[in-house]
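Student: Next come a sequence and a model predicted from it.
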There are 4 protein chains.
Amino acid sequence: MTITPPALSVFEALESEVRSYCRGWPAVFDRAQGSHMYDEDGHTYLDFFAGAGSLNYGHNNPVLKRALIDYIERDGVTHGLDMSTTAKRAFLESFQNHILRPRDLPYKVMFPGPTGTNAVEAALKLARKVKGREAIVSFTNAFHGMSLGSLAVTGNAFKRAGAGIPLVHGTPMPFDNYFDGTVPDFLWFERLLEDQGSGLNQPAAVIVETVQGEGGINVARPEWLRALAELCERQDMLLIVDDIQMGCGRTGAFFSFEEAGITPDIVTVSKSISGYGMPMSLALFKPELDIWEPGEHNGTFRGNNPAFVTAAATLDTYWADGQMEKQTLARGEQVEQALRAICEEQSGTRFRGRGLVWGLEFDDKPRATAVCRRAFELGLLLETSGPESEVVKLLPALTISPDDLDEGLRTLARAVRETA
Amino acid sequence: MTITPPALSVFEALESEVRSYCRGWPAVFDRAQGSHMYDEDGHTYLDFFAGAGSLNYGHNNPVLKRALIDYIERDGVTHGLDMSTTAKRAFLESFQNHILRPRDLPYKVMFPGPTGTNAVEAALKLARKVKGREAIVSFTNAFHGMSLGSLAVTGNAFKRAGAGIPLVHGTPMPFDNYFDGTVPDFLWFERLLEDQGSGLNQPAAVIVETVQGEGGINVARPEWLRALAELCERQDMLLIVDDIQMGCGRTGAFFSFEEAGITPDIVTVSKSISGYGMPMSLALFKPELDIWEPGEHNGTFRGNNPAFVTAAATLDTYWADGQMEKQTLARGEQVEQALRAICEEQSGTRFRGRGLVWGLEFDDKPRATAVCRRAFELGLLLETSGPESEVVKLLPALTISPDDLDEGLRTLARAVRETA
Amino acid sequence: MTITPPALSVFEALESEVRSYCRGWPAVFDRAQGSHMYDEDGHTYLDFFAGAGSLNYGHNNPVLKRALIDYIERDGVTHGLDMSTTAKRAFLESFQNHILRPRDLPYKVMFPGPTGTNAVEAALKLARKVKGREAIVSFTNAFHGMSLGSLAVTGNAFKRAGAGIPLVHGTPMPFDNYFDGTVPDFLWFERLLEDQGSGLNQPAAVIVETVQGEGGINVARPEWLRALAELCERQDMLLIVDDIQMGCGRTGAFFSFEEAGITPDIVTVSKSISGYGMPMSLALFKPELDIWEPGEHNGTFRGNNPAFVTAAATLDTYWADGQMEKQTLARGEQVEQALRAICEEQSGTRFRGRGLVWGLEFDDKPRATAVCRRAFELGLLLETSGPESEVVKLLPALTISPDDLDEGLRTLARAVRETA
Amino acid sequence: MTITPPALSVFEALESEVRSYCRGWPAVFDRAQGSHMYDEDGHTYLDFFAGAGSLNYGHNNPVLKRALIDYIERDGVTHGLDMSTTAKRAFLESFQNHILRPRDLPYKVMFPGPTGTNAVEAALKLARKVKGREAIVSFTNAFHGMSLGSLAVTGNAFKRAGAGIPLVHGTPMPFDNYFDGTVPDFLWFERLLEDQGSGLNQPAAVIVETVQGEGGINVARPEWLRALAELCERQDMLLIVDDIQMGCGRTGAFFSFEEAGITPDIVTVSKSISGYGMPMSLALFKPELDIWEPGEHNGTFRGNNPAFVTAAATLDTYWADGQMEKQTLARGEQVEQALRAICEEQSGTRFRGRGLVWGLEFDDKPRATAVCRRAFELGLLLETSGPESEVVKLLPALTISPDDLDEGLRTLARAVRETA
């Protein structure tokens, strides 16, 4: 396939320099279906990116599309703030029946505004309000969002510098395996908490991703997560799991923390919760934490009802039984085998992952970007992650067919070989 | 009309206590069309609220609905981050042709994430980055959003308290007419800026709403806005107009600052920009301010393409000529006459507004809430605003028919009388 | 008198560029007595500066000197942290008998470290601890010290910039007469407090100087101070009077707030409290505010016992009756007459003051510095104050003789004339 | 010796509850000489506390006393702000000749106000100004002072809580041996600095004590200090050594960092610099850092000239040759032997120290306080340190005689035995 760079005039002329993905993928996309995107010049791309984890059920999934169009056709409420609507009720009931009740999760549900960073802001506010403390502990290479509250607990120095004010009230701790197993888990964190002279402001909460997506596909072990949950309990800190990128089945189970057998105090969900790529997010928390006053946190688009419709459809369609989880784990094994083969063939590479989120790391860091560029030329959408963009990130739709998955993995292997 | 409170069980059982509108309007809404909403029990409500200003073109506007369904039907890209898409191009071209070019506005366009608070966070970041200073000046009774950056420049004490940390780097100044004209405009602000001993940290920017919607429908005079713009220029501060609620024609012209003849350095737009109630927002700024690095601010849902489609349709349909503005001003006169009549009849009331945003203030502050409650019983949706909820806020769709408008105004007058 | 600039080699070579007074007064001082200083070249200077208000009883006052040498000779404890000592007891008893009891002031006494900024830091800590709020209101052109807590409530932009971090948690309000009487007192401040949408973080306390020494000899009227005290009471804010420069008799009465008939919640005292120019400071507060835990605030030199000895001697010698106050007021009239004469003679000048603190302001701002420079050449030590150094500040020792005072005032008049 | 608690009426009635040492040592002290203090009831105390390190040359040292009285007698300038004086010149010359030049230290000298916390505030300001960054790294169990800037880099949770605002811009790192040698030095710190995704705000400076006095007599090894200095250089951070308690010969050499062979960028000195217990402090820094504007940091008592006189006398008397250092090390060996004997006899104890600063730690933490209490009854002044007051701190005057030292060590041993 040969790709001719399109004339991007209006984008270049009018859109801010802040635009980013369009630079690495110089195409003008027009349509999308399942695991494929199509540009206006007729090129087809296999998508191993899935809207940065927002399209777990593929582009324009037909089941969801049907429900969405029906809803729009019949003039269902589109914009509802936090009014009660039939669409919201249907979502809440499906969420209760298919997600919360089977997992014995006692959560209250908050609609904090339709983006991930809104959910994180709400979670941090609530934790601070409940505990009456300002400090939050986050982890190295965490990513939680770009508004000031979320950015203060995000690790990336380049993104932090954009704040324009000193980002405070957050302290980073080492994520699992930060020292390759040479230092006992939580040695530093626990010592700081126990030492009355340590200088650490006592945290209201700890916020963690079970797999750090932007941070380089760093996978926390279940035992590390359990030890963290116990530490939080022992030290009177709330545990917030940010499941925005890893939730909704990305790691197999609906919530990524299920495997560890923990029950976080607060959970943030977004990206794939609507299933159709429409903005929606949730903050979930134990009922005893629900000390919000009516309207104490709000937001114009927190009642994005078309998203509730597709969200309910995902739950009814994919989460009424355990098939989705099984399939994801099976597809994950397929990925793992392919990555193992690549790493055996190519020195200076390493892979890691869970479910259908995988990373391929290069000692020669710029090569990860070269691989993604070459993959694009070969019709495969892949992005990098990690503090120095040294990891190729694989995030195919959970609904990808084994054949498409195989094709993409072969293209990846080729791109790796051709950049050696 | 008699309204039976529905069984709200799943809402009460599962949804957080933070929910708010559903308490004042105890119905379960199902469908909506134009200026009407319908609950599941078959009741009809005339909507003078318009999604808090997000539905300037009415609910499920048929023109936009057609474009939206066509786009979904043909599998147009739904979720696109900041990839270039044909839908984004169409929006940018319409925005350039119908909005920016005819007004000689030189702005670059940023998609900062699809909610208003995302746009404000991006605007504040950019202003601080450009000027290398942290401080921002806002105004009494301002509302700019609920994430930490936006909340710090928001006035409401109850909302601020939710932050759980001290909100700093912002200083409030008196909004227009804060002292009923007894104090010269900007006397205090300008003196603080000029006095090297004043203790004010030199601001990077000033953020202002031309009409404060949440703050009580406080209308800034054009001459006040012009003086503010001149002060900003003289004192090397950027002027940010937050046009999230008042933009997209709410006050008549597309941008609410057009009447004053000023060109703000940065403008935030959201709420009605998509026209259909779908999450979307923009930050606009002068090209010389576009010093963002690629990806320095980002967000998962900044490429909500269905919203781009309906947004472009609003521009092509309503903003290709001056009809919309004329109609809004005409409808505004209809509102003004009705409010004048109410105030003449009822002592202890006052009204104010511009275009199709109006406020009816009660000296007996709780009465505003009583009026809205009674209006709801009479089938009219109205909310209060102001620091003590002392103002009934009128925000009908711009597309409302004269008859519907008249009916709503008569219902309002009745609710006022019946709560006297 | 002709003055030859001395060779300042070791000062220039070794001392930091931060040094300041030595630049305006290029002499090497050796001895001092009463209102006179002597440099190593035999020149004599009449001192209208009095250690920036630290030498109210003159240099090396013989009564205090005797007590001090006796104490040192007999090996009295010099350094005592906060141990109980006989010298501290003597001071506390004198302070109770001569100062607190006759004025019916109920204060507890804290020794917070021997400098003014230590006292302010302690006062702000205590106010925040008592009220559980972070925000402090200060006034335009306030000066409270250079450590971070004090600097945040200090107005001077140049000094604030030295902090190297954004100074937050403080909001400035207009000092008395900031708008030449055209705006009602506290109009802005009170409105911000009462408006729940104002955006002002509710203050724990207000800190004020009754006469702003560094800020330009701005004199608050007694009725303004009373209104401020009432506002604080009404709005549940503590009132802190920083009497570091204006206390110890500088304005006539021992405390500068006595004239207004108010009882601040917290008072800071330093500078002239030891009487001999030795470091000492006090924080005084109402007993119900004394919620400190033992050792919660400390400092190495808070028990500077030789200072306690001279401090007790000042109280026993000068404050056992009302003579000191009467004499200060009489000397103040002498200054006032002289300044009136100067201002009548020289256009573009204004004067103001109370007791023995006076300011002579020049419309032609740099002239104030020129006057001080010329005065130095004529053997008179005078410094400027105000945000642009536009005010010549007169701070003679309270013990100055009428003849010395007259001589200095004549020298000042000459310097003014010769810089016209 | 039997001690009758004195009637502390005026202290109890008038002095704030914040007082601390007077509670552990319920005597009213009157006189002091060398290593002894005398209370008003005629009891004698051997002083192993030395004004918390402010009396390295003993109480009322006769050589300094002579110089001080001569200066007072001849009416030398007492209070001089930052005017040039003959006393300051004499101090600067002695400091240059006896301290800086023989050690090849290139420092400029700043008089930042006469207390330790003033010096730390000045050092932090300067570091931030030079580097244009806000963040400072400090160490676990650090103590740097009680004003807000210094407190933010102090570890003790109880003292930090007194601030009343969140203390930010500081991040603690593990001090030497924090993990008993099980974790490589600077593993965590260096990794955070190198990882662009770590979330650590890039520090302007690191502030460290070579021996943590308040923190529990934690002694940094020379190789750790050297590695820290190298890390600072490599990572473009300034190194600030806070030598307030450990400088002026306490560890043997004049500066405590000499043994490690490093040259910090900034050094703070206070406590024993005047030698006589009078308030004085210095900030020293490399000349290229001297970017202060005149008067950018100031303070009323930064020219405490009597302290300059005794300070110069200490340098001329004790630091013109290497005798002082030798003697301190010899006395230190005497202490070490005695502590070794105590620890061999008593299980659950540990000791550590350098020069004449030593700590005796008890596994049974409250016992340290019991030992100090019993020692007081036996006529020996000793205080505890460490985050839980679990360490008995030995800080005798450097000038203590071998016999007095021996007597104190025997009393300590007895107190330890009697509290077993």
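Tutor: Now that the structure is in, tell me what you want to look at. Numbers count the residues shown, from 1 in each chain, chains lettered A, B, ... in the order given.
Student: Torsion angles phi and psi at the residue in the stretch 301-420 of chain A that chain D sits nearest to?
Tutor: Residue nearest to chain D within the stretch 301-420 of chain A: A:Pro387 (3.2 Å; CB to the nearest CB). To be clear about C-beta, it is placed using only N, CA and C from the backbone, and glycine gets the same treatment. Torsion angles at A:Pro387 (phi, psi; degrees, to the nearest 10) stand at phi -60, psi -30.
Student: same thing with A:Gly113?
Tutor: Dihedral angles (degrees, to the nearest 10) for A:Gly113: phi 110, psi 150.
Student: what sits against the closest residue to it other than its chain neighbours?
Tutor: Excluding the flanking residues, the one nearest A:Gly113 by CB to CB, 6 or more residues apart in numbering or on different chains is A:Gly299, at 3.2 Å. With contact set as CB atoms under 8 Å, 6 or more residues apart in numbering or on different chains, A:Gly299 has these partners: A:112-114, A:118, B:115-117, B:145-146.
Student: any idea what A:Gly299 is structurally, helix, strand or coil?
Tutor: coil (DSSP: H, G, I helix; E, B strand; the rest coil).
Student: same check, this time on A:Pro172
Tutor: Three-state call for A:Pro172 (three-state DSSP): strand.
Student: how much space between it and chain D?
Tutor: Applying CB to the nearest CB, to the nearest Å, the value for A:Pro172 to chain D is 4 Å.
Student: before we move on, what about A:Met83?
Tutor: Distance from A:Met83 to chain D, by CB to the nearest CB: 37 Å.
Student: what's around that residue, how many residues?
Tutor: Residues lying near A:Met83 (other CB atoms under 10 Å in any protein chain shown) number 27.
Student: go on, A:Pro26?
Tutor: If you count neighbours by other CB under 10 Å, A:Pro26 ends up with 16.
Student: Poorly predicted segments of chain A, please.
Tutor: Scanning chain A with the threshold set as pLDDT under 70 gives A:1-8.
Student: Contact residues of it facing chain C?
Tutor: The interface of chain A toward chain C, taken as CB under 8 Å from any CB of the partner chain, is made up of A:165-166.
Student: Return the residues in contact with the nearest residue to the residue of the stretch 301-420 of chain A closest to chain D once chain neighbours are set aside.
Tutor: In space, A:Pro387 comes closest to D:Gly197 once its chain neighbours are excluded; the distance is 3.2 Å by CB to CB, 6+ apart. Counting by CB under 8 Å, 6+ apart, D:Gly197 touches A:140-141, A:155-157, A:215-216, A:386-387.
Student: By residue count, which helix of chain A is the longest?
Tutor: helix A:323-345 (DSSP state H).
Student: If you count neighbours, what's buried in that helix?
Tutor: A:324-325, A:327-328, A:331-332, A:334-335, A:338-339, A:342-343 (16 or more other CB atoms under 10 Å in any protein chain shown).
Student: can you narrow these to ones near chain B?
Tutor: When contact is defined as CB under 8 Å from any CB, these do not meet chain B at all.
Student: how about the strands in the stretch 51-200 of chain A?
Tutor: Ranges of strands within the stretch 51-200 of chain A are A:84-85, A:108-110, A:135-139, A:170-173, based on DSSP state E, counting those that start in this stretch.
Student: okay, these, which one's buried deepest?
Tutor: strand A:84-85 (a mean of 28; mean count of other CB atoms under 10 Å in any protein chain shown).
Student: Could you check how far that one is from the centre of its chain?
Tutor: Centroid separation for strand A:84-85 versus its chain: 28 Å, with CA atoms, centre = their mean, to the nearest Å.
Student: again, but for stretch A:76-83
Tutor: Worked out by CA atoms, centre = their mean, stretch A:76-83 lies 26 Å from the chain centre.
Student: show me where the stretch 301-420 of chain A has helices.
Tutor: Taking DSSP state H, counting those that start in this stretch, the helices of the stretch 301-420 of chain A run over residues A:305-318, A:323-345, A:366-377, A:402-418.
Student: a markdown table for these, including distance to D:Asn56?
Tutor: Shown next, in a markdown table, are these (distance: least, CB to CB, whole Å):
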| stretch | distance to D:Asn56 |
| --- | --- |
| helix A:305-318 | 71 |
| helix A:323-345 | 63 |
| helix A:366-377 | 57 |
| helix A:402-418 | 67 |
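Student: can you tell which of those helices is closest to D:Val206?
Tutor: Closest to D:Val206 of those is helix A:366-377 (CB to CB; 31.9 Å).
Student: near chain B at all, that closest one?
Tutor: No: Helix A:366-377 does not reach chain B (CB under 8 Å from any CB); its nearest approach is 11.6 Å.
Student: buried stuff in that helix?
Tutor: Buried-residue list, helix A:366-377, by 16+ other CB under 10 Å: A:367-376.
Student: And stretch A:225-233, by the same measure?
Tutor: If you call a residue buried by 16+ other CB under 10 Å, then stretch A:225-233 has these buried ones: A:225, A:227-229, A:231-232.
Student: roughly how far is it from the heart of the chain?
Tutor: Offset of stretch A:225-233 from its chain centre (CA atoms, centre = their mean): 22 Å.
Student: circling back: export the contacts of D:Gly197 to TSV and tack on neighbour count and distance to A:Tyr21?
Tutor: Putting the contacts of D:Gly197 into TSV (neighbours: other CB atoms under 10 Å in any protein chain shown; distance: CB to CB, whole Å) gives the following:
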residue	neighbour count	distance to A:Tyr21
A:Thr140	23	25
A:Asn141	26	21
A:Gly155	27	21
A:Asn156	21	16
A:Ala157	16	21
A:Gly215	24	18
A:Gly216	24	18
A:Gly386	24	17
A:Pro387	21	19
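Student: In helices, which of these fall?
Tutor: Assigned to helices by DSSP H, the following of these qualify: A:Ala157.
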